[in-house]
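Chemist: Fold the following and give me the result.
(2 chains)
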There are 2 protein chains.
Amino acid sequence: MIEIERKFLVSSEAFKKVSKTSTRIVQGYLNSNPERAVRVRIKGEKGFLTVKGKSNNTGTSRYEWEKEINVVEAEQLLALCEKGKIEKIRYEIPSGNHIFEVDVFSGENQGLILAEIELNQEDEPFLKPDWLGKEVTGDIRYFNSNLVKNPFRFW
Amino acid sequence: MIEIERKFLVSSEAFKKVSKTSTRIVQGYLNSNPERAVRVRIKGEKGFLTVKGKSNNTGTSRYEWEKEINVVEAEQLLALCEKGKIEKIRYEIPSGNHIFEVDVFSGENQGLILAEIELNQEDEPFLKPDWLGKEVTGDIRYFNSNLVKNPFRFW
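Modeler: Residues are numbered from 1 along each chain as shown, chains lettered A, B, ... in the order given. Sure, this is the predicted structure:
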């Protein structure tokens, strides 16, 4: 299906006070090409395989296919991935009718915090919490598939 | 799991007389790199997503992970694949305790016929039918992930 998402920097850690859940994520790429990214993710105790297509012009919408997979198999697939892994803690923060997913990166991307919101249409209005910073939707540097090759600490 | 397979050219079409089933296969690659090949296959009415790792030194064994997926989703993923598709008819031919899978390629690989046998160990003996030609196990030119980029008709 097509996912519509907007992505933001995060200007303070105030989001942690309102977060309901936090989950550790480790992911790698069987292909980090953004036209056909193939991602292996371990999120908490679960494994996922995800394929993403090219973004539209605004960088807001993108084809995405995802399947939950066995976590032991996910570990095996992670071992086949391109060099470099993404490690982050994901916080989920309800906001109006939406949920912000805030990723606090560690490892080579330490210092980076990104928030994403999934929308039903590109121009759908949504609440902007105080801790939400500059929008970076469509900025390819902030794609996780780029962060694995070109981590934040080397910017 | 680790798959152990040997691959052969086919010297005559006599195998068709002993084949029990034939199925049309169309496949493409989300990554054709043989160290982490990601294959999307439609086989008959079914869809499959397969990840293969690097071969061992003899080219006989290789990590392989496969999941059946929805065929409509498989069509969507095929559309994201690298340029070039493999089209072939697969014949299954029982032979002793084993099954030969014989692929008759069409499209850009017309004229190529390959037989594969899956073994439980590298040195396991097996019957060699009359129609079996030269062994090409480990010859990277005959990898399907290579045939998609460098098809047989251009050799």
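Chemist: Count the residues that sit near whichever residue of chain A sits closest to chain B.
Modeler: Of the residues in chain A, the one nearest chain B is A:Asn31, at a distance of 4.0 Å by CB to the nearest CB. Any C-beta I mention is one placed from the backbone N, CA and C, and that applies to glycine too. Neighbouring residues of A:Asn31 were enumerated by other CB atoms under 10 Å in any protein chain shown; the total is 24.
Chemist: Identify the residues contacting it.
Modeler: With contacts taken as CB atoms under 8 Å, 6 or more residues apart in numbering or on different chains, A:Asn31 has the following neighbours: A:Ala37, A:Val38, A:Glu82, B:Leu30, B:Asn31, B:Asn33, B:Arg36, B:Val38.
Chemist: Read off the pLDDT value for it.
Modeler: According to the per-residue confidence, A:Asn31 scores 98 in pLDDT.
Chemist: Report whether A:Gly53 is found in a strand, as I expect.
Modeler: Yes - read with DSSP: H, G, I helix; E, B strand; the rest coil, A:Gly53 is one of the residues of a strand.
Chemist: and it, how many neighbours?
Modeler: The tally of other residues near A:Gly53 (other CB under 10 Å) stands at 20.
Chemist: Pull up the residues of chain A that are close to chain B.
Modeler: For chain A, the contact set with chain B under CB under 8 Å from any CB of the partner chain comprises A:30-31, A:33, A:35-36, A:38, A:49, A:51, A:53, A:63, A:65, A:67, A:69, A:73, A:76-77, A:80-82.
Chemist: switch the cut-off to 6 Å
Modeler: Counting by CB under 6 Å from any CB of the partner chain, chain A comes close to chain B at A:Leu30, A:Asn31, A:Arg36, A:Val38, A:Val51, A:Gly53, A:Trp65, A:Glu73, A:Leu77, A:Leu80.
Chemist: what's the closest non-adjacent residue to A:Phe126?
Modeler: A:His98 (5.2 Å; CB to CB, 6 or more residues apart in numbering or on different chains).
Chemist: For that neighbour, name its beta-bridge partners.
Modeler: Going by DSSP bridges, A:His98 is paired in beta bridges with A:Ser95.
Chemist: Which pLDDT value goes with it?
Modeler: What the model reports for A:His98 is a pLDDT of 96.
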